[in-house]
Structures are given as C-alpha cells and as structure tokens.
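Asker: what follows is a predicted protein model with its sequence.
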Amino acid sequence: MAEATEITFEVDGPPVPQPRPRVSTWGGRGRAYTPAKHAINGYREAIVLLARSAGWSSGKALGPVSVEVDCYFPRPPSHLTKAGTVRASAPSWPPRADVDNLAKGILDAITDSGVFWADDDQVVDLQIRKAYSRPGAGGRTIITVRRVR
C-alpha cells in the first residue's frame with residue numbers, strides 16, 4: 001500500500017496567533033516567556049495531538065514539505081442581524097491576527113509534535129489564509145501538509 005503524501009487535519013475552535021513573548025528578569029538574567037494562561041498554549045497542544053494522530057506512518061518527512069493553512073474565525077454577534085445573516089456593514093475579512101503570527105504558532109506546534117518534520121526549515125512552501133466562518137459556525141483551522149517531490 002502506498003503511503004500518503006498529503007495529510008489534512010482540523011483544529012476545532014478559533015485560531016490563536018502566537019503572541020509576542022513577555023520579558024522579565026529572574027536571578028539577574030532576562031528571560032522571554034509566554035504566560036501559562038494564554039490561549040496559544042491550549043491551541044498549540046491541540047495541534048500537537050492532532051498532528052500525532054494524523055501523521056505519516058513512517059514518521060518525519062525526509063525532505064521538503066508544503067503547508068497550507070485555512071484559519072476561520074467566528075463572526076462576532078455585532079456582525080449579524082437579528083435574523084442571523086451578515087450585516088451589509090460587517091467587514092469581509094478578520095482585521096486581527098496577523099497571518100505571520102498565526103503561521104508561527106502552527107508551525108512551532110507541528111515541530112513540537114515530532115511528526116511531519118525535524119525542523120520547520122523543511123517547509124519550502126507556506127500558504128495561509130484567514131476568513132470568517134459562516135454565520136453561526138465556530139472557528140476552526142484546517143492544516144494540510146504535503147511532501148514535495
């Protein structure tokens with residue numbers, strides 16, 4: 001049986017961009033950290049678990065990979081009419097969450113999973129999109145990893 005060269009998995013819940021690290025001093029030394037209660041921690045943990053369950057049977061890719069990410073954000077209630085349709089004045093695209101910060105958290109989580117690559121420098125093609133979910137739908141992230149031949 002031929003092994004898959006493409007794997008897709010979906011993370012339920014709103015996408016979370018990687019925040020800028022906070023900096024503090026401890027014992028006279030500076031350290032950068034992400035607060036333990038930040039939403040990125042749970043989001044990255046979910047990606048690690050899903051990547052491990054969806055991973056290739058032979059483990060890490062031995063060469064370059066392509067990654068495609070679709071981030072869907074739930075619409076806030078202020079964007080919807082009483083009937084549940086999108087207001088004409090509602091923005092078409094999510095204004096927050098820079099795509100580079102979304103990509104950083106996702107790629108780092110996949111690296112932490114130890115499944116698709118040894119280091120994210122193996123990613124030679126990255127496509128990331130952000131959009132609003134349809135009215136009434138929650139957020140989600142769809143991640144596709146492909147081996148590049």
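Answerer: Nice, I can see it.
Asker: all the helices of this structure, residue numbers only.
Answerer: 39-54, 99-113 (DSSP state H).
Asker: buried deepest among those helices, which one?
Answerer: Most buried of these by mean neighbour count (mean count of other Cβ atoms under 10 Å) is helix 99-113; its value is a mean of 19. Bear in mind the C-beta positions are built from the backbone N, C-alpha and C, glycine included.
Asker: pLDDT weak spots in the chain?
Answerer: 1-4, 22, 33, 57-60 (pLDDT under 70).
Asker: and the residue nearest in space to the middle of it, what does it touch?
Answerer: For the chain, Ile106 is the residue whose C-alpha lies nearest the centre (Cα atoms, centre = their mean; 3.8 Å). By Cβ atoms under 8 Å, 6 or more residues apart in numbering, Ile106 lies in contact with Ile47, Val67, Val69, Ile128, Thr141, Ile143.
Asker: again with Leu62
Answerer: Contacts of Leu62 by Cβ under 8 Å, 6+ apart: none found.
Asker: any idea how far it lies from Ile47?
Answerer: Per Cβ to Cβ, to the nearest Å, Leu62 is found 22 Å from Ile47.
Asker: likewise for Arg96?
Answerer: Arg96 is 20 Å from Ile47, by Cβ to Cβ.
Asker: ok, Ser24 next?
Answerer: 27 Å.
Asker: mind listing what Val48 touches?
Answerer: Ala109, Ile110, Asp112, Ser113.
Asker: what do you get for Gly13?
Answerer: Tyr43, Ala46, Gly138, Gly139, Arg140.
Asker: ends of stretch 21-29, how far apart?
Answerer: Using Cα to Cα, to the nearest Å, one end of stretch 21-29 lies 16 Å from the other.
Asker: which of the contacts of Val48 lies closest to Ser133?
Answerer: Nearest to Ser133 among those is Ala109, at 21.0 Å by Cβ to Cβ.
Asker: how much space between the closest one and Leu49?
Answerer: Taking Cβ to Cβ, one finds Ala109 at 10 Å from Leu49.
Asker: one more: Thr144?
Answerer: 17 Å.
Asker: rewinding a little: what is the nearest of the contacts of Gly13 to Pro76?
Answerer: Out of the contacts of Gly13, the member with the shortest distance to Pro76 (by Cβ to Cβ) is Gly139, at 11.3 Å.
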